[in-house]
Each structure stands twice: as structure tokens, then as C-alpha cells.
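**Q** this one's structure only:
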């Protein structure tokens, strides 16, 4: 659990949660336990996704994958235990957040990673290997596999921060959806343009496994244009907020669009 | 998810939760969403435990195991999604329970199945295969693999039911610990005395895989005596409660001690 959780990574999800909390006037300390829990949930999903029967990955965050180091049975259990620990952590560590907000956080997170969220995306992703995939199917995969959890990070941040302007809350939610899709489009582009050493995970894997990707479906240049479009759509949602408070989310959008690993 | 969750089973855990809720004066309807979620959690753990890299089981609840029918990748995801659904179900369906009680329920359940609970037991269990195991190590395995979740069922029932007599709550907790150990001792006895058809899961597996069991460590007759002793210890804890309200928990202890599958 420690090996994979503390292996580094970009920490995009916890940052999203904390920045969203601050955007609506909440303090960082309120969001911190939830932000940590979200990183545990994300790490749990990576451990299981890397399995031989799933994406069969040997490299993650610049290190051998969990099952490569500890064996498959320990890796199954490490993923399960990290998922449990995430929920335990929220229930036990977020003492300064009211219980009704915590219950809403539990609902958002569990729904984002379940059979209508992350698991749905991963299942369709695996089943699509070697098949011709339409743009619509590709979007289904990424909305579920990546964007739903990113959206939940933002929504949880807003809940914890006490955001009660529904119009503004909806704008942050839409921002998160664009960010989620943007994140995946850039991931696909990096897979074909960068080396394994630059990425910290196996490069060119999508091509080898004949997986559906944006560069494959729409070409690399069009995929780059699409990423630029998504970034602009995302930051447009922030126009109505205080510039200083929205700054972290602005920069996060630029960072995700221009990241090199 | 439906295949494994609705395959039957004894439903001991949800019954424990509901009976404990009623014991302290709560209504069955209060505990029902949590009872259902607990069965989802238990089923998720069974799906993962049956994997080839874990206990490698082909038969569960009288049917082929999840990965045998749907393949390993779907089975990994079905387990993950059932775990998520359990938490989502509590957060969304237990509207008539106060949020502060629900947060305590989340804490109990997630702690019971994580690295200090079920996962710890399963890990030591797998690592003990083929080795000489002491009675102390065997107890560690079963307390963590089985008893902790059973105890959490009872504790959650008491929380939901509004039990606020700490002395009585402690008694129900001790009852659950004895029941948990009893459950596993009987499981071990049945594994060597019953057929696969009678059990609905592969019989004689513990012997084949050279696993630590009570009959192996203390002999079959002594294991039966131990089971009888545990049952008596369990029901003794119920003496201070209203007889009618405690009746389901009495009968559950007898049922677990005398079950044939």
C-alpha cells in the first residue's frame, strides 16, 4: 500500500479537491483528509488496472508495478485495502467537517468509482482492445475511467468548502468534466510521443495493445487541437469567480494541457 | 455483480446487523440498507478471495466462481464495484439514519475489511499455506479474516439502532467475537467432514492446499468441543438482554454451531 501510494505521481486529484474547496471559500485543512483519501482511491484503481488480466503493465510512476514487486495476491489485497482505508480515513480524520457533508462526499466518491463510473470505463476499455472504436465509445471510456473521478474531486471540494451557489457549483462541475477529458486526451498523445523513461510508465502501450485512443481515432494534430479546445472550455467556466481564488484551477488546466509526463 | 451477490448464501452478516439493531430497540427498516451493503462487502471479498492467485476456488455458493464465468478482469472489477456500491448504498439509501451515525458505520465497516481486518487475515492465510501454523497464528487469521467483519455487523446494528448502554454494547461486541471465531471453526470442520455438493463450495480444499485449520491443529474432536465452548460463551453474553429481543441472536449462535453447509 505504501509502495504504490507514496511512489509519487502528479497528485492532480487531491490538488483539484483542495483548490475547489478554496475556490468556494473553504480552508485547505478541511479538504486535506478527503484529498488524501482520493489519492488512495486513485492508487487502488491503478494497482488493479495494472494486473496481467487487465492492462498488464510493468511500470507505473517510474517504478515496477505493485504485482511485479509483491506478487498478484498481495497486489489484489493492497488495492482492496487502499480502497477501504480511503473510506476509513474520511470517516475518522475529517472531524472538522459536518457528518452530513461527509455522507455526501461518500456518495460522490463511491458513485464515481463504481459500476457507473471508473469500473464501467475500465470494463469497456478492456473489451475494446483490438476492435474498431468510434469517437463516441472512446468518449464513454474516458468520461467513465478518468473524468468521473476528477469531477468527484471537484464536487467533494465544493461540498467540503461549503459552496452553496448552485450556479457556481455547476460551473466548477463542468470545468471538471472538461479537465477530465483533457487529461485523457493528453495521456493518449503522450503515449505516442514520449518514451517510457519520460513518462514513468510504459510508452507506446496503446499502439501495441491496439487500444482505442484519440490520436488513433482523429489523428495526432486533431487530437492536439481538441486538447487545446478542451482547456479553453474548462477555463471559461472559471470567469465568474474571484481571480485570485480561481488561479490554482486556471493553472491546473494549463498544467494538464501542457504536461510532458 | 448480480451473479455473485444474488447467488444465495446464508446471509449471516445482514441477519446479525438487523438482529443487533432490534436488540437495542431499533427498527429493522433502519438497519436494512446497511445490512444489504454488508452483504455486498462480503460478496466482494469472496470474489477476490476465489481468484487463482488467492484461494483458487472454482465453486462458491453452489455455482462456478465469478472469474470462472466472467473471466478474471471482470471479476476484479465486479469485486471493486461491489465494494464501492456498498458505500454508495449506505450513503444514498439510509436516509432515515442520522449522518453522524452513518459516519460511524463507515468507520466500522471500512476498518473491518482493510489492512487491520479482513485483508490482514487473508494475507497471513495465503502466506501460511504449506507451513506449520501455531494455534495463535490460526486465531490471528480467523479473527481478522472472519470475526472482525462479523463484529462490525453487530456494532453497526447497535449504532443504527441507537444503543447507548455502553455495558450492553460491549456485551454484544464480545458475542460477535465468539460468533466470528465459532463460524470459522465450524467452517474448518465442515471442510473435512462434508462433500462439495453439501457445502456448495469445494470440500477438502484446506487439506489439499495444506492450509492451517482447527481440525489440523487440534484434531477433529477437540475442534468440535472448541466450537461448543465458543457457542456457550457467545450466548452467555446475551443473558442481560430482554429474552424476546435477544432470541434471534441466540438462534443465530445455535444455527452457526450446528450448520451443515
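**A** Perfect, thanks for sending it. Everything quoted here is computed from the prediction, not taken from an experiment.
**Q** from here on, just use CA atoms for contacts and neighbour counts.
**A** Fine.
**Q** the lowest-mean-pLDDT helix or strand in chain A: what's the following helix or strand?
**A** Least confident helix or strand of chain A, by mean pLDDT, DSSP states H and E, is helix A:205-208 with a mean of 67. From helix A:205-208 onward toward the C-terminus, using DSSP states H and E, the following helix or strand is helix A:214-218.
**Q** now the helix or strand that that next one is followed by: mean pLDDT?
**A** Using DSSP H and E, the helix or strand that follows helix A:214-218 in sequence is helix A:220-236. Per-residue pLDDT values across helix A:220-236 average out to 95.
**Q** what's helix A:220-236 packed up against?
**A** Contact here means 3 or more CA pairs under 8 Å, 6 or more residues apart in numbering or on different chains; DSSP states H and E; on that basis helix A:220-236 packs against helix A:166-193, helix A:214-218, helix A:243-258.
**Q** report the buried residues of stretch A:250-258.
**A** Along stretch A:250-258, these residues count as buried under the neighbour rule (16 or more other CA atoms under 10 Å in any protein chain shown): A:250, A:252, A:253, A:254, A:256, A:257.
**Q** ok, the third one touching residue A:233?
**A** Spelled out, it's residue A:253. No: Residue A:253 lies out of contact with residue A:233 (CA atoms under 8 Å); the separation is 10.0 Å.
**Q** what about the residue of the stretch 101-250 of chain A found nearest chain B, how many neighbours?
**A** Closest residue of the stretch 101-250 of chain A to chain B, CA to the nearest CA: residue A:114 (4.5 Å). By the measure other CA atoms under 10 Å in any protein chain shown, the count of residues near residue A:114 is 25.
**Q** which ones are touching it?
**A** Contacts for residue A:114 (CA atoms under 8 Å, 6 or more residues apart in numbering or on different chains) come out as A:120, B:80, B:81, B:82, B:84, B:85.
**Q** including secondary structure, could these go into a markdown table?
**A** Formatted as a markdown table, the contacts of residue A:114 follow (DSSP: H, G, I helix; E, B strand; the rest coil):
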| residue | secondary structure |
| --- | --- |
| A:120 | helix |
| B:80 | helix |
| B:81 | helix |
| B:82 | helix |
| B:84 | helix |
| B:85 | helix |
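**Q** now those residues in a markdown table, with pLDDT and distance to residue A:221?
**A** Listed next are the contacts of residue A:114 as a markdown table, based on pLDDT from 0 to 100; distance: CA to CA, whole Å:
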| residue | pLDDT | distance to residue A:221 |
| --- | --- | --- |
| A:120 | 96 | 29 |
| B:80 | 97 | 37 |
| B:81 | 98 | 36 |
| B:82 | 98 | 40 |
| B:84 | 97 | 38 |
| B:85 | 98 | 40 |
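**Q** all strands of the stretch 1-150 of chain A, in order?
**A** A:59-60, A:63-64 (DSSP state E, counting those that start in this stretch).
**Q** out of those, nearest to residue B:31?
**A** Judged by CA to CA, the one of the strands of the stretch 1-150 of chain A that comes nearest to residue B:31 is strand A:59-60, at 41.6 Å.
**Q** before we move on, back to that, mind checking the helices and strands packed on helix A:220-236 for the one nearest to residue B:153?
**A** helix A:166-193 (36.0 Å).
**Q** tell me what the closest one is packed against?
**A** Counting by 3+ CA pairs under 8 Å, 6+ apart, helix A:166-193 packs on helix A:135-142, helix A:148-161, helix A:205-208, helix A:214-218, helix A:220-236, helix A:243-258.
**Q** tell me how far it lies from the chain's centre.
**A** Relative to its chain's centre, helix A:166-193 lies at 9 Å (CA atoms, centre = their mean, to the nearest Å).
**Q** and stretch A:253-260, by the same measure?
**A** Relative to the centre of its chain, stretch A:253-260 is centred 14 Å away, using CA atoms, centre = their mean.
**Q** give me the contacts around it.
**A** Contacts for stretch A:253-260 (CA under 8 Å, 6+ apart): A:179, A:182-183, A:186, A:190, A:194, A:198-199, A:227-228, A:231, A:234-235.
**Q** want to try CSV for the residues you listed, with neighbour count as columns?
**A** CSV is the format used below for those (neighbours: other CA atoms under 10 Å in any protein chain shown):
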residue, neighbour count
A:179, 30
A:182, 26
A:183, 24
A:186, 23
A:190, 20
A:194, 15
A:198, 14
A:199, 19
A:227, 25
A:228, 17
A:231, 25
A:234, 26
A:235, 22
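**Q** from those residues, which two are the most distant?
**A** Between any two of these (CA to CA), the greatest distance is 27.3 Å, for A:198 and A:235.
**Q** hmm, back to that, save the contacts of residue A:114 as TSV, and put in distance to residue B:26 and neighbour count too.
**A** Output for the contacts of residue A:114, formatted as TSV (distance: CA to CA, whole Å; neighbours: other CA atoms under 10 Å in any protein chain shown):
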residue	distance to residue B:26	neighbour count
A:120	37	22
B:80	31	28
B:81	30	25
B:82	27	26
B:84	26	28
B:85	24	23
